[in-house]
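1. sequence-free structure coming up:
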């Protein structure tokens, strides 16, 4: 059974398919540097394309089962959504990557690539890929595969799968074949030299963006730690391209971590807090940084709401709290509740320390939100008087209001009656 989050994604995809020209990713990459799933950065996957409408549909992530589904191809968009649905259903029911990816072969022109943290990777349907394997002795094997059944990176193997074609209209059209091969070789070298999968993914996407022009996000997923770039690089408007992955994305302070994205970053040269010169961060480095777990980063997952912006804002709040106070559920809850009071976090109810799950060994924090009742966008005010007293005051105000209305409506009659009594 597909979980609620994946069902929501599929409903979104169907809606988008009816409204816009749905994009098909032309670059799909899965990298696995630790097939045991022990390294928190040991498996990653991502997509991008020269085409419009690069939504997160092109790199779906299951945080619970640690797999990613990358899609593409030139076939009908409705058929692509059916292939994605079939693939997801298979994976949710425990199918292997090769079995799940094989679903794409039932739909003309469609491609589905599956990457997992521990079960390897596979691609099916319409594809031109290189499968990279790296043996324990450092031997790199790069094997081309074209559309013929399913191409597989076996479970327990260090390696990668990279698909790359050019989109019509791309100024660098015709470069895909050479770039696909060279990027595959470079991925193999980086795996051999010990780089984590999340960093290799960013480097490979930078090479493709620059040399083959399939450069618009898209985004990436960390399959082990269940971190996604989300909508960092996807287009803000329909029928437009995503963020160009061969350009600068932001500026950040190397001292305190403050950052600001372009184009607003053009107005800053130094950190507004400590005056440190800002460092310019490329889009692909920003992607790698976002999905890479380090001693200075924290993986944050949110549950109980799919409201826009909640996940991203919660991650910033939790990372700030952890950096300042460590992995303390009480201080994390306090930080989140203050953000709700300040209006920086909208659409969720106050939380308690028991609503926060911390796994310090993997620097992971889960925040469980409660839905707000009666369609509220913010919790009720925490006033120093009881709500029952407010109800009484409200009733008194209503009664006074009614009396005033009666006096206005019958003022002439009441005045006449009063004058008669005085006589």
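-> That came in fine, so what should we check first? Not measured: the values here are computed from a predicted model. Residues are numbered from 1 along each chain as shown.
2. Quick check: pLDDT value at residue 214.
-> pLDDT recorded at residue 214 is 97.
3. Count the residues that sit near it.
-> Neighbour count for residue 214, taken as other Cβ atoms under 10 Å: 27. Using the backbone N, CA and C atoms, a C-beta is placed for each residue, glycine as well.
4. now it, what's its secondary structure?
-> For residue 214, the assignment made with DSSP: H, G, I helix; E, B strand; the rest coil gives coil.
5. for residue 170, same thing?
-> coil.
6. cool, and residue 272?
-> coil.
7. where in the chain is pLDDT low?
-> The model of the chain has pLDDT under 70 over residues 1-24, 56-57, 361-362, 374-423.
8. where along it do the helices fall?
-> Under the criterion DSSP state H, the chain contains helices at 4-19, 77-92, 97-101, 176-192, 197-212, 283-291, 310-325, 329-341, 387-409, 411-422.
9. Grab the nearest non-local neighbour of residue 246.
-> The shortest distance from residue 246 to any non-neighbouring residue, by Cβ to Cβ, 6 or more residues apart in numbering, is to residue 209 (4.1 Å).
10. ok, now which ones touch that neighbour?
-> Neighbour list for residue 209: 48, 215, 244-246, 283-284 [criterion: Cβ atoms under 8 Å, 6 or more residues apart in numbering].
11. if you set the cut-off to 10 Å instead, what comes out?
-> Residues near residue 209 by Cβ atoms under 10 Å, 6 or more residues apart in numbering: 27, 48, 50, 172, 179, 215-218, 244-247, 282-284.
12. Going through those, which ones are buried?
-> 27, 48, 50, 172, 179, 215-218, 245-246, 282-284 (16 or more other Cβ atoms under 10 Å).
13. Export those as JSON lines, with columns for distance to residue 335.
-> Shown next, in JSON lines, are the buried ones among the contacts of residue 209 (distance: Cβ to Cβ, whole Å):
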{"residue": "27", "distance to residue 335": "38"}
{"residue": "48", "distance to residue 335": "34"}
{"residue": "50", "distance to residue 335": "41"}
{"residue": "172", "distance to residue 335": "46"}
{"residue": "179", "distance to residue 335": "45"}
{"residue": "215", "distance to residue 335": "37"}
{"residue": "216", "distance to residue 335": "35"}
{"residue": "217", "distance to residue 335": "30"}
{"residue": "218", "distance to residue 335": "31"}
{"residue": "245", "distance to residue 335": "32"}
{"residue": "246", "distance to residue 335": "36"}
{"residue": "282", "distance to residue 335": "30"}
{"residue": "283", "distance to residue 335": "29"}
{"residue": "284", "distance to residue 335": "31"}
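14. Just the closest of those residues to residue 38, please.
-> If you rank the buried ones among the contacts of residue 209 by distance to residue 38 using Cβ to Cβ, residue 284 comes first, at 25.6 Å.
15. and the gap between residue 71 and residue 93?
-> In this view, residue 71 and residue 93 are 19 Å apart by Cβ to Cβ, to the nearest Å.
16. Between these two, tell me which one has more neighbours.
-> residue 71 (26 against 11).
17. roughly how far apart are that one and residue 52?
-> In terms of Cβ to Cβ, residue 71 sits 15 Å off from residue 52.
18. now residue 162
-> The gap separating residue 162 from residue 52 is 23 Å, by Cβ to Cβ.
19. These two: which is more packed in?
-> When residue 162 and residue 52 are compared for neighbours, residue 162 comes out ahead with 26 against 18, by other Cβ under 10 Å.
20. surely the more buried one meets residue 28?
-> Yes. The pair residue 162 / residue 28 is scored as a contact, 7.5 Å apart, by Cβ atoms under 10 Å.
21. which residues are in contact with both of those two?
-> Shared contacts of residue 162 and residue 28 (Cβ under 10 Å, 6+ apart): 113, 123, 129.
22. now, among those residues, which is nearest to residue 252?
-> Checking these against residue 252 by Cβ to Cβ gives residue 113 as the nearest, at 31.6 Å.
23. In contact with that closest one, which residues?
-> 25, 28-30, 45, 47, 59, 68-72, 87, 97, 101, 104, 121-125, 127, 129, 151, 161-163.
24. Please name the bridge partners of it.
-> Beta bridges link residue 113 to residue 70, residue 123 when assigned by DSSP bridges.
25. Against residue 347, how distant is it?
-> Taking Cβ to Cβ as the measure, residue 113 falls 34 Å from residue 347.
26. quick one: the residue nearest the centre of the chain from residue 113, how far?
-> In the chain, the residue lying closest to the centroid (Cα atoms, centre = their mean) is residue 230, at 1.9 Å. Distance from residue 230 to residue 113, counting by Cβ to Cβ: 19 Å.
27. got it, and residue 256?
-> For residue 256 relative to residue 113 (Cβ to Cβ), the value is 39 Å.
28. Repeat that for residue 150.
-> Counting by Cβ to Cβ, the gap from residue 150 to residue 113 is 10 Å.
29. what is in contact with those two at once?
-> Common neighbours of residue 150 and residue 113 (Cβ under 10 Å, 6+ apart) are 97, 101, 104, 122-125, 127.
30. Just the buried ones among those residues, please.
-> 97, 101, 104, 122-125, 127.
31. Turn those residues into JSON lines, columns for distance to residue 313.
-> Putting those into JSON lines (distance: Cβ to Cβ, whole Å) gives the following:
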{"residue": "97", "distance to residue 313": "33"}
{"residue": "101", "distance to residue 313": "35"}
{"residue": "104", "distance to residue 313": "36"}
{"residue": "122", "distance to residue 313": "36"}
{"residue": "123", "distance to residue 313": "35"}
{"residue": "124", "distance to residue 313": "37"}
{"residue": "125", "distance to residue 313": "37"}
{"residue": "127", "distance to residue 313": "37"}
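32. Just give me the closest of those to residue 334.
-> residue 97 (42.4 Å).
33. what's the spacing between that closest one and residue 144?
-> Counting by Cβ to Cβ, the gap from residue 97 to residue 144 is 19 Å.
34. what does residue 38 give?
-> Look at residue 38 and residue 144: by Cβ to Cβ, they are 31 Å apart.
35. ok, the two, which is more surrounded?
-> Using other Cβ under 10 Å as the criterion, residue 38 and residue 144 rank with residue 144 on top: 13 against 10.
36. Could you double-check that the more buried one sits in contact with residue 163?
-> No. Contact criterion Cβ under 10 Å: residue 144 and residue 163 do not qualify, at 11.2 Å.
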